[in-house]
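[1] Give me a model of this one.
(one chain, ligands or ions: 1)
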Amino acid sequence: MMTRSEQLFEAAQKVMPGGVNSPVRACRAVGTYPRFLDRGLGSRVWDVDGAEYIDLIYSWGPLILGHCNEAVEQAVSEAVKKGLSFGAPTAMEVEMAQLVCEMTGVEMVRMVNSGTEAVMSALRLARGATGRAKIIKFEGCYHGHSDSMLVKAGSGALTGGAPDSAGVPPEMAGDTLTATYNDLISVRHLMEANPGQVAAVIVEPVAANMGVVPPQEGFLEGLRQLCDEFGSLLIFDEVITGFRLAPGGAQEYYGVRADLVTYGKIIGGGMPVGAYGGSRKLMELVAPLGPVYQAGTLSGNPVAMAAGLAQLRILASTPSIYEELERRGAMLDQGLRNALKKAEVTAKVNRVGSVLTVFFTDQPVTGYAQAKSSDTERFGQWYRGLLARGVYAAPSQFEAMFLSAVHTDDEIRHIISAVEEIFA
Ligand code: KE4
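    Reported below is the predicted structural model:
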């Protein structure tokens, strides 16, 4: 007898590529079918067969206050009654922009509809502002699916990149250079090999798309200095870290300021919102004020703004949330290390605050090369074992797990004992 999830997955695959609207959800890396979710509340989600799970995904980061946060739900239901969208300015957008500027220190911000759109727009702005074409990104970092970000290191490591997806024209990929995360020398070499041509360096201040890889001491500061030395802009892609590591995100957490910052996920409170921001000087280059064009029918949508604003207001006014996220992150981190050591399973745990990844490798994971050395078979066993024990974790070794403000210590202990059982 097929489960309801299996029935839905069978039907979904007939009408959607892979049966999903985003690839990672298909669970192709972990040897099982995706559980179709029906509802969430607080730290829990239920699938269509009624199984209950402790959530460690939270829609890949947005729901830092948990599912169906009362204030967010209230704000959305009030906004919905006044209309779904106008395509005209609303007071809500002004309040949202003011709060984002206050929390992050950017002087101006533009709302868009996803992290991809935020990154795509920030890159165009950086190129428009500098008159330069090349972008430096880091191997293993993911910045959404705009063409110039779907690029891997080219054959000549110091020259243009090669497409990392079908459909990306080679000439487009050629303007994206790939450096090594946590390796400032690799960035300097690319800057020196492309003098006066690099518009920007874009980086995940905490890499979380090769699994979590924290910046080593001095790495972010070093990028700031290199960009200043070579006249390039520094772009922090804070789609994951924004409003998660601190109210001011990674800029506040690490004390390094970028020229442009992109946001997504948490900023929307679960609704489709992205944003990019920076100095007035840079942002006034954006249409309708300046020559860099960018637009969007649903940008600043009042229902999405209501959700994001409600969530950000709580984060801005409750600093204790961040202390709790750190305390619980440390509790889970240490508990996992102890459980894996006790079971004599070779693994490394990388964590910054409330985002973490367990890598099944014996190497310290400081970049993509080490992350790739992980045992993905073992990861599949971990994922299926957790699922069977009511824990909904990331279905890929190269993703992060997320904690929310509503996890309890008992839930953390449950996750740890589940890991002990899996590898006993
Ligand atoms: P979206 O277009 O998915 O809103 O944001 C793209 C993006 C940009 N920058 C960073 C650092 C990101 O992590 C993302 C998206 N993250 C993935 C999870 N690793 C979203 C999940 C998915 O692709 O289904």
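
[2] since we're on the residue in the stretch 251-400 of the chain that the ligand sits nearest to, how many residues are nearby?
    Minimum separation of the stretch 251-400 of the chain from the ligand (C-beta to the nearest ligand atom) falls at G264, amounting to 4.3 Å. All C-beta spots, glycine's among them, are computed from the backbone N, C-alpha and C. One way to gauge burial is a neighbour count; for G264, by other C-beta atoms under 10 Å, it gives 28.

[3] Then E107?
    Other residues within reach of E107 by the criterion other C-beta under 10 Å amount to 14.

[4] Show the contacting residues for it.
    With contact taken as C-beta atoms under 8 Å, 6 or more residues apart in numbering, E107 is in contact with C101, G277, G278, S279, R280, M283.

[5] Could you tell me which of these belong to strands?
    Counting by DSSP state E, the contacts of E107 place G277, G278 in strands.

[6] Just put the contacts of E107 in TSV and tack on pLDDT.
    Compiled in TSV, those are given as follows (pLDDT from 0 to 100):
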residue	pLDDT
C101	98
G277	98
G278	98
S279	98
R280	98
M283	98
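
[7] hang on, the earlier thing: pLDDT at the nearest residue to the residue of the stretch 251-400 of the chain closest to the ligand once chain neighbours are set aside, what is it?
    Of all residues beyond its chain neighbours, the one nearest G264 is G115 (3.0 Å), with distances taken as C-beta to C-beta, 6 or more residues apart in numbering. The predicted local confidence for G115 comes out at a pLDDT of 98.

[8] about what we covered before: just read off the phi/psi values of the residue of the stretch 251-400 of the chain closest to the ligand.
    Torsion angles at G264 (phi, psi; degrees, to the nearest 10) stand at phi -170, psi -160.

[9] Spell out which residues of the stretch 101-250 of the chain are next to the ligand.
    With the criterion set to C-beta under 6 Å from any ligand atom, the stretch 101-250 of the chain comes near the ligand through S114, G115, T116, V119, Y142, H143, G144, E204, N209, D237, V239, I240.

[10] returning to what we had before: most surrounded residue in the contacts of E107?
    G278 (29 neighbours).

[11] what's the neighbour count on A29?
    So A29, with other C-beta under 10 Å, has 17 neighbours.

[12] so it sits right up against R384, yeah?
    No. Proximity of A29 to R384 does not meet the contact threshold set by C-beta atoms under 8 Å, at 11.5 Å.

[13] How are the helices of the stretch 301-424 of the chain distributed by residue range?
    The residue ranges that make up the helices of the stretch 301-424 of the chain, judged by DSSP state H, counting those that start in this stretch, are 302-317, 320-342, 368-372, 376-388, 409-422.

[14] which one of these is the most hemmed in?
    The densest packing among the helices of the stretch 301-424 of the chain, expressed as mean neighbour count by mean count of other C-beta atoms under 10 Å, is seen in helix 302-317 with a mean of 22.

[15] Having no further points to raise, I will conclude here.
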